[in-house]
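Chemist: Quick one: sequence plus predicted model below, questions after.
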Amino acid sequence: MPRRLRAAIACVLGALVLGVGLAGCGDEKDSAVENGSDTLTIYSSLPLQGPDRARSRDMVNAMKLALQDANGKIGPLNITYVSLDSATPEAGTWTGDKVLDNARKAVRDLNAIAYIGDRDSAATALSLPLTNEGHILQVSPSSTYDGLTRASRRQGEPQRFYPSGERTFGRVVPADHVQASALVGYMKDSGVRSVALLADREIYGGGIADQVEQAAARQGIEVFDRGRVDARKGDLSKTARKVVETGADAFLFAGTTDTGAARIFAAVEAATPRMLLFGPAAVADHAFAREISAAVQEQMRVTTPSLPERLLPRSARTFRERFRMTFGRRPAPEALQAYEAASAVLQAIRAAGPKGNDREAVTDAFFAIRNRDSVLGRYSIDRFGDTSLSTYAGNRVSRTQFVLDKVLEVRR
């Protein structure tokens, strides 16, 4: 191992053990992967306990199928996969401490070549600075917050996520500015001229709210911003009345199932039964659909990047059938995105050729993806790390199922 590389690795590991930043580690460009190693490890970080367990389990199994496709090898390199749990039994969901522990574990592994995760944007905001300092490619199947890759209303974004000064993060799901355009387009197609907006107090909800306001201004829909709310507790009737008082045609909650989406939609529907209700992809799960009443379901409209099987490439249908045959059930929609995240990482390793065990070379190969035919459709990765995919499904909710209402094509 070259002397400069040994020194760089020693500095990284020492900083991680002490829990401090890596700014003093210099500007070495050498890969942190062990020189000459023929075994590489891909890590994932997902919440494998609590209400998200089933979806995350399907995502893990989808990544395993992607590695099976490659027979665990890329040329002379052996590829292993390690699934890390970002949740705890006590919390029942991901925690900041677990997310940070997972990222540190990957960075400390000299053979780690890529990190798939995290599922939630707020979790990715924690793990990304660590994997970036370790020069590990991080690919998320589902983190959509714009500030991870582009300028946002939060100061210092996206630069604060990249302490190394180099871009190492990408995603196979469109960023929130694309979803916001789809949401507003769906509203416009539904005859909405004005919308009352509430967001949760998390990074995802705030990001969606900001992007929706910008998209609405471009598309001629008036927005009544009613701020941020913790919809998980307390009486929401007063908050719902403030929504009604706007006189808007529709209501959008920029939040998730975990931040009280079902409760706030129920409160607004009770206050004004005829108002259309809109939600982002983060509420498109069966836990949310089962929790809302038939009256709320009738008024709900939800955008998702997951399209019906008949609108996806044949390879997506093949994957879903293979998943069903292997695991005895249909995969969660996010499983397709996880499968593609792993497949894109494997392509990047392959494209790096003789440097397939070099972290920076693999990252560069991921950013060089152009016109890739995948289970999600054909896409490229831009200089920010974002996918060129831009088609969303506009869904209604019927008998706790999400049913396609409109295909929403967002112009890029």
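Modeler: Everything's here; your move.
Chemist: separation between the residue lying closest to Val229 once chain neighbours are set aside and Gly205?
Modeler: Once flanking residues are discounted, Val229 sits nearest to Leu198: 5.3 Å by C-beta to C-beta, 6 or more residues apart in numbering. For every residue, glycine as well, the C-beta is placed using N, CA and C. Distance from Leu198 to Gly205, counting by C-beta to C-beta, to the nearest Å: 9 Å.
Chemist: Any chance you could list residues touching both of the two?
Modeler: Arg228, Ala254, Gly255 (C-beta atoms under 8 Å, 6 or more residues apart in numbering).
Chemist: got the contact list for Gly207?
Modeler: So Gly207 contacts Ser121, Thr144, Tyr145, Asp146, Gly147, Ser152, Asp176 (C-beta under 8 Å, 6+ apart).
Chemist: repeat that for 10 Å
Modeler: 121-122, 144-148, 152-154, 157, 175-177, 179-180, 199, 254, 280 (C-beta atoms under 10 Å, 6 or more residues apart in numbering).
Chemist: Go through this structure and flag its longest helix.
Modeler: helix 333-351 (DSSP state H).
Chemist: returning to what we had before: out of the shared contacts of Leu198 and Gly205, which are inside helices?
Modeler: Using DSSP H, none of the shared contacts of Leu198 and Gly205 sit in helices.
Chemist: just those now: which is nearest Arg108?
Modeler: Gly255 (34.9 Å; C-beta to C-beta).
Chemist: quick one, helices of this protein?
Modeler: 3-18, 53-69, 96-108, 121-133, 176-189, 203-219, 237-245, 261-271, 286-291, 294-299, 314-327, 333-351, 359-367.
Chemist: separation between the spatially closest residue to Leu311 that is not a sequence neighbour and Asp235?
Modeler: Take Leu311 and drop its neighbours on the chain: the residue closest to it by C-beta to C-beta, 6+ apart is Val407, 6.9 Å away. Using C-beta to C-beta, Val407 is found at 39 Å from Asp235.
Chemist: Those two: which has the busier surroundings?
Modeler: With neighbours defined as other C-beta atoms under 10 Å, Val407 and Asp235 compare such that Val407 has more, 13 against 8.
Chemist: now the shared contacts of Leu198 and Gly205 in JSON lines, with pLDDT, neighbour count and distance to Thr303?
Modeler: Shown next, in JSON lines, are the shared contacts of Leu198 and Gly205 (pLDDT from 0 to 100; neighbours: other C-beta atoms under 10 Å; distance: C-beta to C-beta, whole Å):
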{"residue": "Arg228", "pLDDT": "95", "neighbour count": "16", "distance to Thr303": "21"}
{"residue": "Ala254", "pLDDT": "97", "neighbour count": "29", "distance to Thr303": "12"}
{"residue": "Gly255", "pLDDT": "96", "neighbour count": "30", "distance to Thr303": "14"}
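Chemist: quick one: which of those residues sit in strands?
Modeler: Arg228, Ala254 (DSSP state E).
Chemist: Which one of the shared contacts of Leu198 and Gly205 is nearest to Ala262?
Modeler: Gly255 (10.3 Å).
Chemist: Kindly report the domain assignment for this structure.
Modeler: Using automatic domain parsing, the domain parsing of the chain gives 38-174+314-381, 176-304+394-409.
Chemist: Does the residue nearest to Val229 touch Val268 like I think?
Modeler: Yes. At 8.7 Å, Leu198 counts as touching Val268 under the criterion of C-beta atoms under 10 Å.
Chemist: quick one: common contacting residues for these two?
Modeler: Leu236, Thr239, Ala240, Lys242, Val243, Phe251, Phe253.
Chemist: give the contact list for the first one.
Modeler: In other words, Leu236. 198, 229-230, 243, 260, 263-268, 270-271 are the contacts of Leu236 under C-beta under 10 Å, 6+ apart.
Chemist: Please indicate which of those are buried?
Modeler: Leu198, Val229, Val243, Gly260, Arg263, Ile264, Phe265, Ala266, Ala267, Val268, Ala271 (16 or more other C-beta atoms under 10 Å).
Chemist: Same list, these, but as JSON lines with pLDDT and distance to Gly134 please.
Modeler: JSON lines is the format used below for the buried ones among the contacts of Leu236 (pLDDT from 0 to 100; distance: C-beta to C-beta, whole Å):
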{"residue": "Leu198", "pLDDT": "98", "distance to Gly134": "38"}
{"residue": "Val229", "pLDDT": "95", "distance to Gly134": "37"}
{"residue": "Val243", "pLDDT": "97", "distance to Gly134": "45"}
{"residue": "Gly260", "pLDDT": "96", "distance to Gly134": "36"}
{"residue": "Arg263", "pLDDT": "98", "distance to Gly134": "40"}
{"residue": "Ile264", "pLDDT": "98", "distance to Gly134": "39"}
{"residue": "Phe265", "pLDDT": "98", "distance to Gly134": "41"}
{"residue": "Ala266", "pLDDT": "98", "distance to Gly134": "44"}
{"residue": "Ala267", "pLDDT": "98", "distance to Gly134": "45"}
{"residue": "Val268", "pLDDT": "98", "distance to Gly134": "45"}
{"residue": "Ala271", "pLDDT": "97", "distance to Gly134": "50"}
